[in-house]
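# What would the 3D arrangement of this be:
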Amino acid sequence: MARFIDPRVDWAFKRIFGSEDTKECLITFLNGLFEDELVIKDVTFAKTEKLGLRPDDRGVVFDVYCITNEGKHVIVEMQKKEQEYFADRALYYTARAIVQQGIRGIWDYHLAPVYTVCFMDFVSQSPILKEFRTDLVLTDLQTRQRVSDRMRIVYLQLPLFDKHTEAECMDIFDCWIYIVKNMNMFEQMPFSEKYPVFRKLAEIGDLRKLSREELELYDEDIKNMRDIYATRKFDEKRGMEKGMAKGMKIGMAKGMAKGMAKEKIATAHRLLSMGLSDEQVSTVTELPLEDIQKMRKK
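Numbers count the residues shown, from 1 in each chain. As a prediction, the model looks like this:
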């Protein structure tokens, strides 16, 4: 039996990073992620549901959405299942948070920066997402200089995090990623002596301390996560089986075609030896006339 909740599960992720009484977890994670760039002292949680500008516009729902003490907007998402355009989805979410800052009437277009952090519990097939961490910003194509700090997207592909022991984790950001990947496997919370925030995490993440209602919500999300995993594995297996069947079919077709070609060539040689003309042999065997003429010369 696991002792701690799994942060990759929707309910658990929001409990750890999206609630007022646990915002210390979010703050320490973000400060570690954006080391030397952000120094967040406090956050205010905002509504996670953003409606469209018009009644018929599509709305969005974020996992975690907050505003820092410096007025920066931060979106944090956990994605379990790969989507074909997931990188674009993060861009869309970021753009929506930017557009929502618009003010009716007189406005000078001053925008607060929006940071989007995407945990990905899978390896993306996108050509732009090749490493564990990918940071996207607006830059000049020629000079490579950053031209705006109003948009920042960070993709974190958890399966590509290559530190597998506590000793390999060098800073609090490493510790956070290590815990997010493995927390449901721990008997004791690591790094608690070095970073007090993980003592808090051990307390709020202890399965034995969940209420009946909380446990039901968590169990439902665990079931959904297992369904996603089972579906993914089945799709992979079915894809492999279809690929093998297609390969065998193509191989058999090629083998048959090769055998028929050999038979036609042998027939052509016999007909030529019997004195038939090149045109007659070509008609009977359905081989090109040029090939028959080459056979006769040989």
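# contacts and neighbour counts: CA atoms only from here.
OK.
# Now do the buried residues in the strand ranked longest in the chain.
Determined from DSSP state E, the single longest strand within the chain is strand 146-157. For strand 146-157, the neighbour count (16 or more other CA atoms under 10 Å) marks 150, 151, 152, 153, 154, 155, 156, 157 as buried.
# so who does the closest residue to residue 68 other than its chain neighbours touch?
Of all residues beyond its chain neighbours, the one nearest residue 68 is residue 43 (4.3 Å), with distances taken as CA to CA, 6 or more residues apart in numbering. Residues in contact with residue 43, defined by CA atoms under 8 Å, 6 or more residues apart in numbering, are 23, 27, 66, 67, 68, 69.
# Now residue 43. Its backbone dihedrals?
Reported as degrees, to the nearest 10, the phi and psi values for residue 43 are phi -130, psi 150.
# What's the separation between it and residue 275?
According to CA to CA, to the nearest Å, residue 43 and residue 275 sit 95 Å apart.
# that older thread, show me which pair in the contacts of residue 43 is furthest apart.
Among the contacts of residue 43, the pair separated by the greatest distance (CA to CA) is 23 and 69, at 12.7 Å.
# Can you tell me which of the contacts of residue 43 end up in helices?
Residues of the contacts of residue 43 located in helices (DSSP state H): 23, 27.
# which of the contacts of residue 43 lies closest to residue 265?
residue 66 (75.8 Å).
# where does the chain have its least confident helix or strand?
Within the chain, confidence by mean pLDDT, DSSP states H and E is lowest for strand 49-50 among all helices and strands, at a mean of 66.
# Whatever helix or strand comes next after that one - contacts with which helices or strands?
Following strand 49-50 in sequence order, the next helix or strand is strand 60-61 (DSSP states H and E). In terms of contacts (3 or more CA pairs under 8 Å, 6 or more residues apart in numbering; DSSP states H and E), strand 60-61 is packed against strand 49-50.
# Residue 171 versus residue 163, what's the distance?
Residue 163 sits 12 Å away from residue 171, taking CA to CA as the criterion.
# Am I right that residue 84 falls within a helix?
No: using DSSP: H, G, I helix; E, B strand; the rest coil, the assignment for residue 84 is coil, not a helix.
# how close does it get to residue 210?
Look at residue 84 and residue 210: by CA to CA, they are 36 Å apart.
# between these two, which one's more packed in?
With neighbours defined as other CA atoms under 10 Å, residue 84 and residue 210 compare such that residue 210 has more, 14 against 10.
# how close does that one sit to residue 262?
Residue 210 is 74 Å from residue 262, by CA to CA.
# quick revisit: closest one of the buried residues of strand 146-157 to residue 219?
Using CA to CA, the buried residues of strand 146-157 come closest to residue 219 at residue 157, 24.5 Å.
# just checking, that closest one touches residue 131?
Yes: with contact defined as CA atoms under 8 Å, residue 157 counts as touching residue 131 (7.4 Å).
# Poorly predicted segments of this protein, please.
Along the chain, the parts satisfying pLDDT under 70 run over 1, 50-59, 229, 232, 236, 241, 244, 247-249, 251-257.
# biggest helix in the chain, by residue count?
Assigned via DSSP H, the chain shows its longest helix as helix 212-273.
# Show me what that helix is packed up against.
Applying 3+ CA pairs under 8 Å, 6+ apart, one finds that helix 212-273 contacts helix 10-17, helix 278-285, helix 289-297.
# what's the most buried one of the ones you listed?
Mean neighbour counts were compared across the helices and strands packed on helix 212-273 using mean count of other CA atoms under 10 Å; the top stretch is helix 10-17, at a mean of 20.
# Could you check the angle it makes with helix 212-273?
Interaxial angle, helix 10-17 versus helix 212-273 (axes from the mean of the first three to the mean of the last three CA atoms, to 10 degrees): 120 degrees.
# just how off-centre is helix 10-17 within its chain?
Between the mean C-alpha location of helix 10-17 and the chain-wide mean there is a distance of 19 Å, by CA atoms, centre = their mean, to the nearest Å.
# What about residue 164, how many residues nearby?
Count around residue 164 with other CA under 10 Å applied: 11.
# does it sit in a helix, a strand or a coil?
Using three-state DSSP as the criterion, the local structure at residue 164 reads coil.
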